[in-house]
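# pasting the structure only:
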Ligand SMILES: [Zn+2]
């Protein structure tokens, strides 16, 4: 993997990352902006430069100067506590560990497992994932009952679900993640 860091005035550090991929993409992380390019493209090529310029232009309306602080594992535990009280489901154990292709999973015995990668997500998407998992302790599928409960606790959950999908699409996750669907 090739890294190149550049500074653009008014923006957090911009890093060009060469990857085994077909398309150009950009992601905004707490540490700065990453532009992901196919390995066979030169970072100095007009195509990449044009993509960077267009992307920065698009982003300039957003407040990038102060990117949100990255969440900590303690933050994740705190959010689980809040949501388990809200939904009124007991969570016996919470573990945060590396997970290959899921954001989270929940067992019928009340163990909630969260991916360490959650700390990279915005809080509102973390809340969506935790709420989704805990609602599964009430309804193990994604049927009408599940949807009704989600709407009750998180009225804009469908919008958050779409935003999570977009976040995944714009990130460089090697494994495609789905909201783990996963009662075990
Ligand atoms: Zn689910």
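Great, that's in hand. Just so you know, these numbers come straight off a predicted model, no measurement behind them.

# separation between the residue nearest the centre of the chain and residue 104?
By Cα atoms, centre = their mean, the chain has its centre lying nearest to residue 121, at 3.8 Å. Note on residue 121: its distance to residue 104, by Cβ to Cβ, to the nearest Å, is 11 Å. In this view, the C-beta of every residue, glycine as well, is placed from N, C-alpha and C.

# cool, and residue 40?
36 Å.

# for residue 73, same thing?
Counting by Cβ to Cβ - residue 73 and residue 104 are separated by 14 Å.

# More neighbours: these two, which one.
More crowded of residue 73 and residue 104, by other Cβ atoms under 10 Å: residue 104, with 24 against 13.

# which phi and psi does that one have?
phi -160, psi 160 (degrees, to the nearest 10).

# right, and it touches residue 134 too?
No: look at residue 104 against residue 134 with Cβ atoms under 8 Å: they stay out of range, at 9.7 Å.

# got any residues that touch both of the two?
With contacts taken as Cβ atoms under 8 Å, 6 or more residues apart in numbering, residue 104 and residue 134 have residue 112 as neighbours in common.

# Quick one: list the elements packing against the helix or strand residue 113 falls within.
Using DSSP states H and E, residue 113 maps to strand 111-115. Helices and strands touching strand 111-115, by 3 or more Cβ pairs under 8 Å, 6 or more residues apart in numbering; DSSP states H and E, are helix 73-87, strand 93-97, strand 104-106, helix 123-136.

# So for it, what gets flagged as buried?
Of all the residues in strand 111-115, those buried under the rule 16 or more other Cβ atoms under 10 Å are 112-115.

# nearest to residue 144, of those?
Nearest to residue 144 among the buried residues of strand 111-115 is residue 112, at 23.7 Å by Cβ to Cβ.

# who touches that closest one in this structure?
Counted by Cβ under 8 Å, 6+ apart, residue 112 has contacts 80, 91, 93-95, 104-106, 130, 133-134.

# and if we set it to 6 Å?
91, 94, 106, 133 (Cβ atoms under 6 Å, 6 or more residues apart in numbering).

# buried subset of those?
91, 94, 106, 133.

# is the closest residue to residue 13 other than its chain neighbours in a bridge, and if so with what?
Once flanking residues are discounted, residue 13 sits nearest to residue 32: 3.9 Å by Cβ to Cβ, 6 or more residues apart in numbering. Going by DSSP bridges, residue 32 is paired in beta bridges with residue 29.

# can I assume residue 32 is in contact with residue 26?
No: Residue 32 lies out of contact with residue 26 (Cβ atoms under 6 Å); the separation is 11.0 Å.

# Of the buried residues of strand 111-115, which is the nearest to residue 141?
Out of the buried residues of strand 111-115, the member with the shortest distance to residue 141 (by Cβ to Cβ) is residue 112, at 17.7 Å.

# Now do the same for the closest one: its pLDDT.
We have a pLDDT of 95 for residue 112.
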